[in-house]
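Student: compute the structure for the input listed below.
(2 chains)
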Amino acid sequence: MRERHINAILLGGLLATALAAWGLDQPFTITLATKVAILALAGVGLNITLGLGGMISLGHAAFFGIGGYAMGILASHAQNYTPLMEAPLLIEGTNSMPVIWLVAIAASALAALVIGALSLRTTGAYFIMVTLAFGQMLYYFAISWPAYGGEDGLSIYVRNGFPGLNTLDPIQFFGLCFVLLCLVLLFVARLGRAPFGLALTAARQVPARVEAVGLSPYRLQLVAFVLSGAITGLAGALFADLNRFVSPAMFSWQTSGEIMVFVILGGVARLCGPVAGAALFILLEHWLGALSEFWHIYLGALLLIVVLFARGGLIGQIAGREAAHD
Amino acid sequence: MSLLELEGVEAVYGTTQALFGVDLALGEGEVLALMGRNGMGKSTTVKVICRLLPQSAGLVRFDGRLLAGMPAHRVARLGVGLVPEGRRCFANLTVRENLIAAARPGDWTLARVHDLFPRLAERAGQRAALLSGGEQQMLAIGRALMTNPKLLILDEATEGLAPILRQAIWDVIARIKRETGLSILVIDKSLRELSQVADKAVILERGRSVWSGAFSDLDAGVAGQYLGV
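Tutor: Numbering: from 1, shown residues only, chains lettered A, B, ... in the order given. I've put the predicted structure just below:
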């Protein structure tokens, strides 16, 4: 089966699940489908760095958390009717999703620019450790920031609004997240086929050859890292809105690891790999979690099997090696 | 004024000196043959020009600009197109992707490269790793042309190819010279084929340029003394 057919089945399946749950009045299932869409979005962000660029970042929770806190901070000021900054540079809070998304994207992109500019001067294990260190720095910063809940996190009582939609209705919020996921997937698909994406793939394989044709591997990787961070930040803002809660856990290395697990389970460098991975992860969490609180053991075993025997992930096993530049 | 000038260029690999003073000058529209026996510093000279290896002494000037301290990708962007020894295509990209990944605006487009190498158009969707040696060489030349260079450097472009493919590559080099007036620096051991395209020659011996002049002045005595033919 060709990869594009698998992608269509995956996205169609996710949409059909949410619609069926809506028809059967199962809001919890819609929430699960929304969670899959949002976590898949975070994985799609990481997949630019990991799949296209070959950079193993263990710090993507930093961007996920920044997106989450961008939502939390703006919404908490809006719900408390207190400005974020006092006059003369007056900045008000907001509960408008589009504004929050823009702030989340801008803040996480800026953070990715700074983190990427420093960490991309290293490679291999050092790159992993530097990105991990940045993530943990932000985690501890969030813990020690009492103004926004510190270790306890920050609750938002009402979900933020989107013009023309009732975002408290689970199916409408799912629709919003699903459309965003599809738009980002479309963007990433075009990115991968564009000269930028091809050069990034080439830089992953042999940086010196890319330099010889006039492209800077560092610049290519930095742009990819920033795009990746921005998408993961957007996912963080949506995740915070889904839960109406942000906490330092969004910055933790476990979150970085989970996002990476989605990508590996579904298929590194596969466009919809993170969608398949996130769906499988949520299903396992839901089903196995009901059987045993130690469900992570089974997840670990599955991850081992995928890494050892199915390196293209779920999508790679079905589609073969045709599409990915691996 | 020369497009490319090297004056007293020296280079080292770690603690081993490889170049001890290379001088050459290549004008616009000229084809220069860089010659010498194996291990005399030809590929090292190319690496220094492309800034893939820093010079330890001397000057490298391209299009009026000194290249010292410049990163390799900026040198390529100034207009130095390299066809490296051993082809070195992006193995896991397709032929078309190899060409467009490196493309920059200019006269050389995908259509023009396909016109020069119709085989690449036929193989557009095939991964570079699955091409024959001759096809990979065509792709390496096409990729360098897609960067729209002012100077094309061909490092052992025909090495390891069957005679019929070698001749096809030489025909293309002659066509590029005839139709575009592109400056070309070519490294090869085939005197007979070089004589069809080269205007000038520089011979390297143990990391030094020991002979330079018009290719037509390269007589049997010089060839015998420095090239062993």
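
Student: ok, which residues in the stretch 151-300 of chain A are in contact with chain B?
Tutor: By Cβ under 8 Å from any Cβ of the partner chain, the part of the stretch 151-300 of chain A that sits against chain B consists of A:195, A:198-199, A:201-202, A:205-206, A:208-217. Yep, even glycine has a C-beta here, placed from its N, CA and C like the rest.

Student: can you say which of these are buried?
Tutor: Using 16 or more other Cβ atoms under 10 Å in any protein chain shown as the burial test, these include A:198-199, A:201-202, A:209-217 as buried.

Student: how about the contacts made by the residue in the stretch 201-326 of chain A that chain B sits nearest to?
Tutor: The stretch 201-326 of chain A approaches chain B most closely through residue A:214 (3.3 Å), counting by Cβ to the nearest Cβ. By Cβ atoms under 8 Å, 6 or more residues apart in numbering or on different chains, residue A:214 lies in contact with B:73-74, B:76-77, B:102, B:104, B:147.

Student: try it again with 10 Å
Tutor: Going by Cβ atoms under 10 Å, 6 or more residues apart in numbering or on different chains, residue A:214 touches A:199, B:72-82, B:102-104, B:147-149.

Student: name the element it belongs to?
Tutor: Assigned by DSSP states H and E, residue A:214 belongs to neither a helix nor a strand.

Student: what sits closest to residue A:269 if chain neighbours are left out?
Tutor: Nearest non-adjacent residue to residue A:269, counting by Cβ to Cβ, 6 or more residues apart in numbering or on different chains: residue A:51, 3.3 Å away.

Student: correct me, but that neighbour touches residue A:260?
Tutor: No. Contact between residue A:51 and residue A:260 fails when scored by Cβ atoms under 10 Å: they sit 11.0 Å apart.

Student: pLDDT weak spots in the stretch 201-326 of chain A?
Tutor: Where the stretch 201-326 of chain A drops to pLDDT under 70, the residues are A:321-326.

Student: right, is the longest helix along chain B up against chain A?
Tutor: Criterion DSSP state H: the longest helix present in chain B is helix B:163-180. No. Helix B:163-180 stays clear of chain A (Cβ under 10 Å from any Cβ of the partner chain), getting no nearer than 17.5 Å.

Student: tell me how many other residues crowd residue 86.
Tutor: With no chain named, the answer covers chain A. 9 (other Cβ atoms under 10 Å in any protein chain shown).

Student: actually, chain B is the one I wanted.
Tutor: 14.

Student: same deal with residue B:178?
Tutor: 9.

Student: residue contacts, it?
Tutor: Counted by Cβ under 10 Å, 6+ apart, residue B:178 has contacts residue B:197.

Student: cool, residue A:27 as well?
Tutor: A:21, A:169-171, A:174.

Student: can you tell me which of the residues you listed are in helices?
Tutor: A:21, A:170-171, A:174.

Student: helices of chain B, start to end?
Tutor: Under DSSP H, chain B gives helices at B:42-49, B:72-78, B:95-101, B:110-116, B:118-122, B:133-146, B:163-180, B:191-197, B:220-222.

Student: averaging pLDDT over each of the ones you listed, report the lowest-scoring one.
Tutor: Lowest mean pLDDT within the helices of chain B: helix B:220-222, a mean of 83.

Student: the nearest residue to the residue of the stretch 201-326 of chain A closest to chain B once chain neighbours are set aside: neighbour count?
Tutor: Of all residues not flanking residue A:214 in the chain, residue B:76 sits nearest, at 3.3 Å (Cβ to Cβ, 6+ apart). Using other Cβ under 10 Å, residue B:76 has 25 neighbouring residues.

Student: same question, the one 3 residues further on
Tutor: As a burial measure, the neighbour count of residue B:79 was computed by other Cβ under 10 Å and equals 20.

Student: now it. Nearest residue, chain neighbours left out?
Tutor: That would be residue B:150: by Cβ to Cβ, 6+ apart, it lies 3.4 Å from residue B:79.

Student: ramachandran coordinates for the one you found?
Tutor: Residue B:150 adopts backbone torsions of phi -90, psi -30, taken as degrees, to the nearest 10.

Student: surely it meets residue B:75?
Tutor: No. With contacts counted by Cβ under 10 Å, residue B:150 stays clear of residue B:75, the gap being 11.4 Å.

Student: before we move on, the earlier item: pick the one among the contacts of residue A:27 closest to chain B.
Tutor: residue A:174 (36.1 Å).

Student: quick one: the closest one and residue A:20 touch, right?
Tutor: No. Assessed by Cβ under 10 Å, residue A:174 is found out of contact with residue A:20, at 12.0 Å.

Student: more neighbours: which of those two?
Tutor: residue A:174 (29 against 13).

Student: could you list the low-pLDDT ranges of the stretch 51-200 of chain A?
Tutor: For the stretch 51-200 of chain A (pLDDT under 70), the answer is none.

Student: surely residue B:201 is in contact with residue B:215?
Tutor: Yes. With contact defined as Cβ under 10 Å, residue B:201 reaches residue B:215; the gap is 4.8 Å.

Student: which one of the two has more residues nearby?
Tutor: Taking neighbours as other Cβ under 10 Å, residue B:201 and residue B:215 compare with residue B:201 leading, 26 against 18.

Student: how far away is the more buried one from residue B:59?
Tutor: 21 Å (Cβ to Cβ, to the nearest Å).

Student: same deal with residue A:198?
Tutor: 35 Å.

Student: same question, residue A:77
Tutor: Relative to residue B:59, residue A:77 is positioned 61 Å away (Cβ to Cβ).

Student: show me which of those two is the more surrounded one.
Tutor: Applying other Cβ under 10 Å to residue A:77 and residue B:59 shows that residue A:77 carries more neighbours, namely 19 against 14.
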